[in-house]
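Asks: Give me a model of this one.
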Amino acid sequence: MKAFLLAAGKGSRLKPLTERIPKCLVPIRGRPLLQIWLEHLNHHGVKEVLINTHHHAIQVERFVQGFNGKPRIRIEYEPVLLGSGGTVWHNRDFVQGDQEFWVIYADTLSSVNLKEMFTYHQEHKGLLTIGLFRTENPTECGIALLDKAECVVEFEEKPARPKSNLANAGIYLIRKDIFQDVLWDSPMPLDFGYHILPQLVGKMYGYVINDYHLDIGTLENFDRAQKEYND
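Replies: Below you'll find the model as predicted:
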């Protein structure tokens, strides 16, 4: 399988760290976050990864050049940020011919069992399986509401009045039909949370992650990861 590993964000909430290093390379107990993800993907059978770059792009390219393990890596530099959905749409040739592919936000730290999530995905016919985690701050996340069959019946980005605490984990397993069945013509940057996922209500299923999962988007969570994470 292949995966988009989205790593182009500026990491504004992680300043001053991200003034000198890209968010995807911040160290978690001595290992760059991007390295953790590449090793995790390789362990779960992903053979090829596309990494998009923008902020401190040269540092990411140098890291990739020095990375000797698997999976194979393709770099796509974005002079102007395309957004999470825009990156996938503009590089859809990367997964041409594949039945399913992963989209993963590289600023998360997760021990999610991708093999189990893939098995779950195969049990339904949805266009997308979205990884979800339980959050204490639902107004700051994309929030999904599931029915008894675990189909997503509502999805809203940063709702003022959340109807659940199941938040978008930034981990998607997607069927190829999404390129025909979803409108991708919104202006760039095109965002999964605001533009793509709302179109998939009733057509996607939620996989609740019970493994370790943390958004490394703030200095508080960065410090928390140093104490908690144990891969």
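Asks: Look up how far residue 163 lies from the residue lying farthest from the centre of the chain.
Replies: With distances taken from the mean C-alpha point of the chain and given as CA atoms, centre = their mean, the most distant residue is residue 148, at 25.2 Å. Applying CB to CB, to the nearest Å, the value for residue 148 to residue 163 is 15 Å. All C-beta atoms are positioned from the backbone trio N, CA, C, and that covers glycine.
Asks: With residue 212 instead?
Replies: In this structure, residue 212 lies at 26 Å from residue 163, with CB to CB as the measure.
Asks: Okay, now the unreliable bits of this protein?
Replies: Residue ranges of the chain with pLDDT under 70: 11.
Asks: Show me which strand runs longest in it.
Replies: When every strand of the chain is counted residue by residue (DSSP state E), the longest turns out to be strand 166-175.
Asks: List of residues touching that strand?
Replies: Outside strand 166-175, the residues that touch it by CB atoms under 8 Å, 6 or more residues apart in numbering are 6, 99-105, 107-108, 110, 112, 117-118, 121, 126-135, 138, 141-146, 192-193, 197, 206, 208-209, 213, 215.
Asks: next one: stretch 208-215
Replies: 107-113, 131-134, 166, 169-171, 221, 224-225, 228-229.
Asks: With just CA atoms, put that stretch into PDB.
Replies: These are the backbone C-alpha positions of stretch 208-215, laid out as PDB (Å, rounded to 0.1, in the frame of the first residue of the first chain):
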ATOM      1  CA  VAL A 208     -12.100   4.700  17.300                       C
ATOM      2  CA  ILE A 209      -8.400   4.500  18.200                       C
ATOM      3  CA  ASN A 210      -7.700   3.000  21.600                       C
ATOM      4  CA  ASP A 211      -4.000   3.100  21.200                       C
ATOM      5  CA  TYR A 212      -1.800   6.100  22.200                       C
ATOM      6  CA  HIS A 213      -2.600   9.100  20.100                       C
ATOM      7  CA  LEU A 214      -1.600  12.800  20.500                       C
ATOM      8  CA  ASP A 215      -1.600  15.900  18.300                       C
END
